[in-house]
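# Quick check, what structure comes out for this input:
(chains A, B and C)
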Amino acid sequence: MNFLSLFVVVPLLMLAGLFPARTMRQIRAVAVTGASLLMVLACWLVWMYLAERSSGNTSEMLFTAETVWYPSLHINYSVGVDGISVAMILLSAIIVFAGVFASWKMEHLPREFFLWFSLLAIGVFGFFISTNLFTMFMFYEIALIPMYLLIGVWGTGKKEYSAMKLTLMLMGGSALLLVGIFGIYYGSGASTLTITELAALTIPIELQRYFFPLTFMGFGVLGALFPFHTWSPDGHASAPTAVSMLHAGVLMKLGGYGAFRVAMYLMPEAAGEMSWIFLILTGISVVYGAFGAIHQTDLKYINAYSSVSHCGLVLFAILMGNETSTTGAILQMVSHGLMTALFFALIGMIYGRTHTRLVTEMGGLMKVMPFLGVSYVIAGMASLGLPGLSGFVAEMTIFVGAFQEPDLLHRVLTFGAIASIVITAVYILRVVGKIIFGPMADRHHEQLTDAVWHERLSVGVLIAAIVAVGSFPYWLSEMINESVAPLITHILR
Amino acid sequence: MGESILTASQAYIPLEAYILVSLIMFFAGVYGFLVRRSVLLMLISVELMLNAADLNFAAINRYLYPEHSEGFFFALFTIAIAACETAVAIAIFINAYRNLQSVKVNSISTLKE
Amino acid sequence: MQYALVILLLPLLNFLVTGLMDTRWKARVAGTISTVAIAVITLLSYVTAYEYFTTRFQDGSYQAFIPFELNWLRFTDTLQVKLGLLLDPISVMMLVVVTTVSLMVHLYSLSYMKGERGFERYYAFLSLFTFSMLGLVVATNIFQMYIFWELVGVSSYLLIGFYYTRPAAVAAAKKAFIVTRFADLFFLAGILLLSYYTQTFDFTALTSGDGRMFGTIGSLTFMGGSVLSWAMALIFIGGAGKSALFPLHIWLPDAMEGPTPVSALIHAATMVVAGVYLVARLFPVYAVQTPEVLHGIAYTGLFTALFSAVIACVQTDIKRVLAFSTISQIGFMMVGLGVSGYGAHEGLGYMASLFHLFTHAMFKALLFLGAGSVIHAVHSNSMDDMGQLRKRMPVTHLTFLVACLAIAGIPPFSGFFSKDEILAAAFHFSPPVGWILSGIAGLTAFYMFRLYYNIFWNDKPPTSRHAEHPVHESPALMTLPLIVLALITLVAGFIPFGRFVTSDRGLYTISLDWQVAASSILIALAGIGLATVLYRRNNDKPARLKLKFAGLHEAATHRFYIDEIYLFLTKKVVFNSISRPLAWFDRHIVDGFMNLLATVSNRVSVRIKGIQSGHIQQYAWVFLFATLAIAGILLFVV
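Numbers count the residues shown, from 1 in each chain, chains lettered A, B, ... in the order given. Next up is the predicted model:
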């Protein structure tokens, strides 16, 4: 068996291991073992990948393997990774790891929670290792379904509404996507569903004009493309901590990843023709999300709108369609995944103590919980693009990339996107100034305690990753760029 | 050949007569099923329709295909099924009556919700 | 000179050590190791400076030298971000300035911040700032400069907001960050524009004087100016934000909410001159390629200098007076750069400007530390609570006086020499600019001595003073830095600055223009005289003057309502007119549409459900008719 399949097998084993687990201790043991294994595997994968590349292997996908599932429809279980997927797998492993520790104190039905959590992990990892459109779609669906229950059962606030809205909107997106995939399959001559082989075929431009927007929008819904982003604020606000982390951190990245790997890569001609429409939409997303965040008072809503803005930037950069901007988009996915997971983890921890998420009801938390306060400031700084933290590297790569397109539309949109970073600074500093700094808003908060070890571990891992990517971006950026370059050459051919 | 069998069995009553009787029975059943409000009467109507079908089975088998016997078997089969069905239906009605104090069909629509 | 790398790494290491240090350790340890670390790198900077200026002079000019550089990030094949050390006359000069002032502030803070909550945090932030500022000055390329530019911004944010439980400090920190961030936006856009057309970030390449790389960008025009001019103007706006030039100056007075030593280090001596340094760094491009932008810089500087000097005359918070004075002096430096040309003798303004940067850093740090010493003793920022302190705080008094004389431009203090060169360059550029600048110099002398007399002389009625609190001279750890800086201020004027820093890195002999010098001394003396008359003793002349110019006074006290305009723009326009409607739009239109879809499908399903009445006989009717219809169709139609 190909060792990439381990990324699906390990969560499956977690799933199996959780069934007999009875006590909280056993549940935790299984979850931690699984998450740590995934983390080790991801690091090992990065190591293996870099070693393989440096030994001169230049094929598009590495560690490929294929098992026929249903030959007459060319449905194969085929796996393989390139620099982009390796980066995403690493991101997912880190966030799953941090997510397990962030839900350490899960009180309501912990076993079932981790069961669904593992299923979510299967979907996510499966999506990133797949190279066959069908299995990719299948894992995508596997990742979506647990969201409904995770939010509906373990959520807070108007959770049923949010869960329903999120699932329905994402399902709507995947319906578009399915049509798009059929379009690709039949348009290319119905001889294969494997991405690398499909890329070699040409889909007639007339068909591309129909199926590119469908596919892009299908993935765009998950990537919070304006105006299909409204599931995100409600969904994230209602979801439990670890689910918000995984959803905003990884699941939303499925959108950007798919939009590039499937929509842009397989239908480059239509992408070139129609990108301007989506560029405008993503440009709106970027600015709109940022302005939307200014007005919110619920921490999770602020972060959700901020995610709309940041994920808009991902799609924006992908649509720019050059090597630098696309590398920037992948970096932004990694960076946003890490920092938004950190944000949601911290918000969850703060909420667990203060029992409120309203900015107006908190203040001066730095005094009672310095660790969480400092971490929140770091997360904020990463979000507004402070050098040395991951956000800066990603945003700058995107901006430099976007600047390589000299026509007026691209220029105007690029300036708009750059302007959004000031708005980001406004809402981040507003929140930090209000809840972390300043005088205590509530006297009861004086008795609150700082983070305990598992919370520190969860936050620490994420911060370490953010700093590592932000301070030493060269290897990651090169790894991604190496894989992006041939794809872009293909798109621009 | 069919003609010869018909004469050999002293066809005092023609097949059409059987079919006419069964038709009347059937539509009496349909009418009863559609207009009666009591579920018991509706059940009886259903039985009427089933009996019409049985009659057809038997008559057509006897007149047209005397060398086969599937028609008779089906008739017997239907009678058995009808008995079971009646038993189940009566059981449901009794339960419905216990819960709803009525055997009027209009009042039994709660399953919809 | 590989060891120069240590200058950069030691503060970073120190930041990590003190920042991650267990709080159970004694706070004192953090202060001590930070101060030792800074002392080491100060020494190293001096060694670097000595070695650079003695060994790197070849072919009639100082050679730029990159002892270390590493690839940090690759955007495209030509656009690569490198982190490295660029040693050339201005960066070496800045190394000396930054480390010296930083060392003084570290020493001073040991005593000033003693017993404050978060003492080790304070030192961690100071180290972070020192690291970022040093990284900024030794940047080998404009992108590295931008990286450290942001980092100094955040260190400034953290230090202004050091007293994080005070809402005023938090608000000031936020304001400082957002205003400079807003300016950085233009800086970034400028960098992107410039790098897109020149395909390089490298300072060495950009300032090599090779005009060919500006071929495409210079010939493209956009809205009446060449794209190069736009790019350089945008970059300058970034510098204007950090250097608090009008109209982006609003953050600096508020930044005084931070601890006073921080104001001395960041908001007087080092970070705020980053804009000047940026223009100086790209000076060959400005002077040769886009002289019109350079002139714009000169006029911006001139207006800022005048504007903030007027405001400084009426402020009563002593740190705000100094803040406006800083803005005004940075205006001077910008004028110096703006009026300068490129080349041996044309470059007088450039040399003068950086000379002024150097002397100003020393005496303004001295002024702030002196003010800190006074505030430490009096426990108030307001000059109404002070007076008659000259006998009680003799060292502070004397050193403060030295700094006041220096900034007023009285020989032989350092400020006289540098300011005089700027004036000479301004007169050379255009006499009206020169006269206005001389007038501002007079105003400077006036408001500085107003401050001086109000703190150390004026015998105001004791009601407003903390009379119950006996005022003492500050401890030795605080007066030592004052004395050192005062000594530097005394002798710095005699440094042959033109031998070290010039626009084309050649040599330039300073010769005092006695005509300009005499007039500027006279104007300065007039300013001091006026201040003496008005403020030396408590009298009613200032009050009468205030009444006479009530409108102007009112406007100046409110800083000409610039803050209010900004508040209007941000609160009313951005928050209320954009963000609020947008949130509404999102809730009701975009989300409303999604909810509408859900509602519609729900309604439709209810309707369809209605057909399933649950009445068996109804179904039977339908069944019957459908059967008959199908039978009919089969019989008669098919």
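
# residue boundaries of the strands in chain C?
Along chain C, counting by DSSP state E, strands occupy C:57-58, C:61-62, C:65-74, C:80-87, C:221-222, C:225-226.

# Comparing these by mean pLDDT, which bottoms out?
Ranked by mean pLDDT, those bottom out at strand C:221-222, which scores a mean of 72.

# who in chain A is up against chain B?
Taking Cβ under 8 Å from any Cβ of the partner chain as the test, the list of chain A residues beside chain B is empty. Where you see a C-beta, it was placed from the backbone N, CA and C, and this is true even at glycine.

# residue ranges of the strands in chain A, please?
Listed in chain order, the strands of chain A (DSSP E) span A:62-70, A:75-81.

# what helices or strands is the longest one leaning on?
The criterion is 3 or more Cβ pairs under 8 Å, 6 or more residues apart in numbering or on different chains; DSSP states H and E, and the helices and strands that strand A:62-70 contacts are helix A:24-54, strand A:75-81.

# in that strand, what counts as buried?
Using 16 or more other Cβ atoms under 10 Å in any protein chain shown as the test for burial, strand A:62-70 gives A:62, A:63, A:64, A:65.

# of all the strands of chain C, which gets the most neighbours per residue?
Stretch with highest mean neighbour count among these: strand C:80-87 (a mean of 21; mean count of other Cβ atoms under 10 Å in any protein chain shown).

# if I look at the closest residue to chain B within the stretch 1-150 of chain A, how far off is residue A:18?
Chain B sits closest to residue A:148 of the stretch 1-150 of chain A, with a gap of 24.2 Å, by Cβ to the nearest Cβ. Going from residue A:148 to residue A:18 by Cβ to Cβ, to the nearest Å gives 19 Å.

# of those two, who's got more company?
Set residue A:148 next to residue A:18 and count neighbours by other Cβ atoms under 10 Å in any protein chain shown: residue A:18 wins out with 22 against 18.

# Show me what the helix or strand containing residue B:48 is packed against.
Using DSSP states H and E, residue B:48 maps to helix B:39-64. Secondary-structure packing of helix B:39-64 (3+ Cβ pairs under 8 Å, 6+ apart): helix B:2-8, helix B:15-35, helix B:70-100.

# Export the helices and strands packed on strand A:62-70 as a markdown table, with columns for mean pLDDT and distance to chain C.
Below are the helices and strands packed on strand A:62-70 laid out as a markdown table (pLDDT from 0 to 100; distance: least, Cβ to the nearest Cβ, whole Å):
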| stretch | mean pLDDT | distance to chain C |
| --- | --- | --- |
| helix A:24-54 | 90 | 16 |
| strand A:75-81 | 88 | 22 |
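
# Highest mean neighbour count across those, which stretch is it?
Of all those, strand A:75-81 has the most neighbours on average by mean count of other Cβ under 10 Å, namely a mean of 22.

# which strands and helices sit next to that strand?
Strand A:75-81 packs on strand A:62-70, helix A:110-129, helix A:133-154, going by 3+ Cβ pairs under 8 Å, 6+ apart.

# what about the longest one, average pLDDT?
Spelled out, that is helix A:133-154. Mean pLDDT, helix A:133-154: 88.

# and that helix, anywhere near chain C?
No: Helix A:133-154 does not reach chain C (Cβ under 8 Å from any Cβ); its nearest approach is 14.8 Å.

# List the buried residues in that helix.
Going by neighbour count (16+ other Cβ under 10 Å), the buried part of helix A:133-154 is A:133-154.

# Dump stretch C:150-157 to CSV, keeping only the CA atoms.
Presented in CSV, the C-alpha positions along stretch C:150-157 are these (Å, rounded to 0.1, in the frame of the first residue of the first chain):
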residue,chain,number,x,y,z
GLU,C,150,6.6,47.3,9.9
LEU,C,151,8.4,45.8,12.8
VAL,C,152,9.4,49.1,14.2
GLY,C,153,5.8,50.1,13.8
VAL,C,154,4.6,47.2,15.9
SER,C,155,7.3,47.7,18.5
SER,C,156,6.2,51.3,18.7
TYR,C,157,2.6,50.1,19.1
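
# got a list of what the residue nearest the centre of chain B touches?
Computing the C-alpha centroid of chain B and ranking residues by Cα atoms, centre = their mean puts residue B:50 first, at 1.2 Å. Residue B:50 is in contact with B:29, B:78, B:79, B:82, counting by Cβ atoms under 8 Å, 6 or more residues apart in numbering or on different chains.

# Mind doing that once more with 6 Å?
Contact analysis of residue B:50 by Cβ atoms under 6 Å, 6 or more residues apart in numbering or on different chains lists B:78, B:82.

# model confidence over stretch A:165-185, on average?
Stretch A:165-185 comes out at a mean pLDDT of 88.
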